[in-house]
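Peer 1: sequence first, predicted coordinates after that:
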Amino acid sequence: LKISLRLESVDQLASGERVVIAYTTDRAAVAALLGERPDEPQLPLYVTVAEPHAAAVAFAQVRAGDMKFVGLGRDAGLLPGTRTPPVSWDEQRVLWRAEIERLAGEFAAGSAAVDPKRPAHTCRLCDLQPLCRIHEHAEGAAEEGE
């Protein structure tokens, strides 16, 4: 699977450390970078593939009255508002890389399982409900667990 990347911003701090920044007008949250199937894989992808020696990744949230950095780094506060990940920075980058490789492998293999990350939210907005049987699958799983 080939992916072309164009980083928005790689800044070098006075300390010499590099940080990857993506600008957004949406509300940014650190939780969107973590866990399986991250909601915002852009920054994890950048730091694992294109800028592996970066010391931090952050969204620069550009919203009227609510401008801030939201991200993770090797050390808390590399940028105002950034914090350390739940594991060490090096471990987080390994986790990100493994998850990105898993997702890319599934995509390249043609995996298209109906498996919404947050079914209540995702399915509420979906226009394909008449064609999808995810609710039947969920009901069957609930019956098996009884």
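Peer 2: Sure thing, it's come through.
Peer 1: quick check: closest non-adjacent residue to Gln92.
Peer 2: Once flanking residues are discounted, Gln92 sits nearest to Pro85: 3.9 Å by Cβ to Cβ, 6 or more residues apart in numbering. For every residue, glycine as well, the C-beta is placed using N, CA and C.
Peer 1: show me where this structure has its helices.
Peer 2: Here the chain has its helices, by DSSP state H, at 42-45, 89-108, 119-125, 134-145.
Peer 1: highest average neighbour count across those?
Peer 2: The highest mean neighbour count among these, using mean count of other Cβ atoms under 10 Å, belongs to helix 42-45: a mean of 22.
Peer 1: for Ala14, which of the helices of the chain is the nearest?
Peer 2: Ala14 sits nearest to helix 89-108 of all the helices of the chain, at 19.2 Å, using Cβ to Cβ.
Peer 1: as a whole number, average confidence for that closest one?
Peer 2: Across helix 89-108, the average pLDDT comes to 94.
Peer 1: tell me the helices and strands packed up against that helix.
Peer 2: helix 42-45, strand 68-73 (3 or more Cβ pairs under 8 Å, 6 or more residues apart in numbering; DSSP states H and E).
Peer 1: which residues touch the residue nearest to Gln92?
Peer 2: Taking Cβ atoms under 8 Å, 6 or more residues apart in numbering, we find Pro85 in contact with 34, 72, 91-92.
Peer 1: His53: which of the residues you listed is nearest?
Peer 2: Distance to His53, by Cβ to Cβ, is smallest for Gln92 among the contacts of Pro85, at 14.1 Å.
Peer 1: would you mind giving the helices and strands packed on helix 89-108 as CSV with mean pLDDT and distance to Ala55 added?
Peer 2: Listed next are the helices and strands packed on helix 89-108 as CSV, based on pLDDT from 0 to 100; distance: least, Cβ to Cβ, whole Å:
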stretch, mean pLDDT, distance to Ala55
helix 42-45, 94, 13
strand 68-73, 94, 6
